[in-house]
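Peer 1: Would you be able to build a 3D model of this:
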Amino acid sequence: MKDIKKYQGIFPALYACYDDAGNISTDRVKKLTQWLIDQGVKGLYVGGSSGECIYQSKEERKAVLEAVMEVAKGKITIIAHIACNNTADSQELAAHAESLGVDAIASIPPIYFKLPPYAIAKYWNDMSAAAPNTEFIIYNIPQLAGVALTTSLLDEMMKNPMVVGVKNSSMPTQDIQMWRDEGIKAGKDFAVFNGPDEQLISGLVMGATGGIGGTYGVMPQLYLKLYQCVKSGDLATALDIQNECCRIIYKLCSGRGNMYAMIKECLRKMGCPDCGSVRAPLAPLCQADYPIADACVAMIQAAIAKFC
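Peer 2: Next up is the predicted model:
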């Protein structure tokens, strides 16, 4: 059986880092990676939604992962999201990730065309075959991918011995329990990550191994404390932290600019690594958004002072 201890804990989804001209900045990637390591995170999810992968080229995504691994290899768990809009490009990124020594690769299902389950399974298995010595994690995010993981599709994927878990970003926490049960039935020590940041406590109580989240990187201290509280049985404090994280998330999403643009501005205001802005067509901040960022920073700092 696979050892899934390396997947137990808090995994920020790494933000895309650009220079002032909007190009990938590997220097900023390295600084953000080191800062998150210093906060005590278990690992990083690289090249996913928070990493703006859909708006980056293959070569840019390779450069980002190389920069992360230069800093993080052997220190924390690295999961590389390698899905592209076609199988061949996904396989290329999978092989590249394996050559760097990542702990696991991950992929959403194919998007745009609605494909039958057997085609989705082949897409995933083909990229897994391109990295035959690297564990594979299925990324279930039906609200964006347009297709949801099912127990029958997961059972089919379980035939691949390198499939070790699911990053579950669907909203029902019941899904976490279902994926865990499918792993048990297959005789696997199976990892299931909670995806929606707004319900990390619920996912953990339902049996999630850990969490991968898009807002973890702007307030890792709070999510680390929440995780510790759940594991120690202090659910009352965990719930208080979760509720405060939710309020912060709502505020982060209240501007005209994209949430990730708001998060990056908050990081700058808190003296954390500069990640630049977001890549079009994601909307940058407008002038009216900066007071919202100030309010978010105040909320984050107050919550850290209270709970951490």
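
Peer 1: list the contacts for Tyr216?
Peer 2: Tyr216 makes contacts with 10-13, 41, 197, 223, as judged by CB atoms under 8 Å, 6 or more residues apart in numbering. C-beta coordinates here come from the backbone N, C-alpha and C atoms, glycine included.

Peer 1: between these, which is nearest Tyr250?
Peer 2: Asp197 (11.2 Å; CB to CB).

Peer 1: Which residue, other than its chain neighbours, is closest to that closest one?
Peer 2: Nearest residue to Asp197, sequence neighbours excluded (CB to CB, 6 or more residues apart in numbering): Gly213, at 4.1 Å.

Peer 1: How about the contacts made by Asp274?
Peer 2: The neighbours of Asp274, taking CB under 8 Å, 6+ apart as the test, are 28, 31, 264, 267-268.

Peer 1: any idea how far Gly187 is from Ala13?
Peer 2: With the distance defined as CB to CB, to the nearest Å, Ala13 ends up 30 Å from Gly187.

Peer 1: neighbour count winner among the two?
Peer 2: Counted by other CB atoms under 10 Å, Ala13 and Gly187 do not tie: Ala13 has more neighbours, with 24 against 9.

Peer 1: show me what contacts the more buried one?
Peer 2: 44-45, 48-51, 212-214, 216-217.

Peer 1: Look up phi and psi at it.
Peer 2: With angles defined as degrees, to the nearest 10, Ala13 sits at phi -80, psi 120.

Peer 1: Then Ala186?
Peer 2: phi -80, psi 0.

Peer 1: Against Asn140, how distant is it?
Peer 2: For Ala186, the distance to Asn140 - CB to CB - is 17 Å.

Peer 1: Please apply the same query to Asp240.
Peer 2: According to CB to CB, Asp240 stands 29 Å off from Asn140.

Peer 1: More neighbours: the two, which one.
Peer 2: When neighbours are counted by other CB under 10 Å, Asp240 and Asn140 differ, and Asn140 comes out ahead with 24 against 17.

Peer 1: quick one, what contacts the more buried one?
Peer 2: 148-149, 166-170, 175, 179, 195.

Peer 1: Report the beta-bridge partner residues of it.
Peer 2: Asn168 (DSSP bridges).

Peer 1: can you list contacts of the one helix or strand Cys246 maps to?
Peer 2: When elements are assigned from DSSP states H and E, Cys246 belongs to helix 235-252. Helix 235-252 is contacted from outside by 197-201, 205, 215, 218-219, 222-223, 225-226, 229-230, 259, 262-263, 266, 292, 295-296, 299-300, 303, 306-307, using CB under 8 Å, 6+ apart.

Peer 1: Buried subset of these, written for ChimeraX?
Peer 2: Filtering those down to the buried ones (16 or more other CB atoms under 10 Å) takes a single ChimeraX command:
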select :197,199,200,201,215,218,219,222,223,225,226,229,230,259,262,263,266,292,296,299,300,303,307
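
Peer 1: how much space is there between Ala283 and Asn258?
Peer 2: According to CB to CB, Ala283 stands 5 Å off from Asn258.

Peer 1: ugh, wrong one, Ala280
Peer 2: Distance, Ala280 to Asn258, by CB to CB: 10 Å.

Peer 1: for Ile212, same thing?
Peer 2: 19 Å.

Peer 1: Of these two, give the one with the bigger neighbour count.
Peer 2: Ile212 (29 against 21).

Peer 1: Correct me if wrong: that one contacts Phe193.
Peer 2: Yes: in this structure Ile212 lies within contact range of Phe193 using CB atoms under 8 Å: 4.6 Å.

Peer 1: sec struct for Pro110, please.
Peer 2: Assigned by DSSP: H, G, I helix; E, B strand; the rest coil, the conformation of Pro110 is coil.

Peer 1: so what's it up against?
Peer 2: Taking CB under 8 Å, 6+ apart as the test, what Pro110 contacts is 85, 119-120, 123, 147.

Peer 1: One more pass at 6 Å, please.
Peer 2: Neighbouring residues of Pro110 by CB atoms under 6 Å, 6 or more residues apart in numbering: Tyr123.

Peer 1: Look up how far Asn86 lies from it.
Peer 2: 8 Å.

Peer 1: Among the contacts of helix 235-252, which ones are in helices?
Peer 2: Secondary structure from DSSP state H places 200-201, 205, 222-223, 225-226, 229-230, 259, 262-263, 266, 292, 295-296, 299-300, 303, 306-307 of the contacts of helix 235-252 in helices.

Peer 1: show me where the protein has helices.
Peer 2: Under DSSP H, the chain gives helices at 26-39, 58-72, 87-100, 117-129, 142-145, 151-157, 174-185, 200-205, 220-232, 235-252, 259-269, 290-307.
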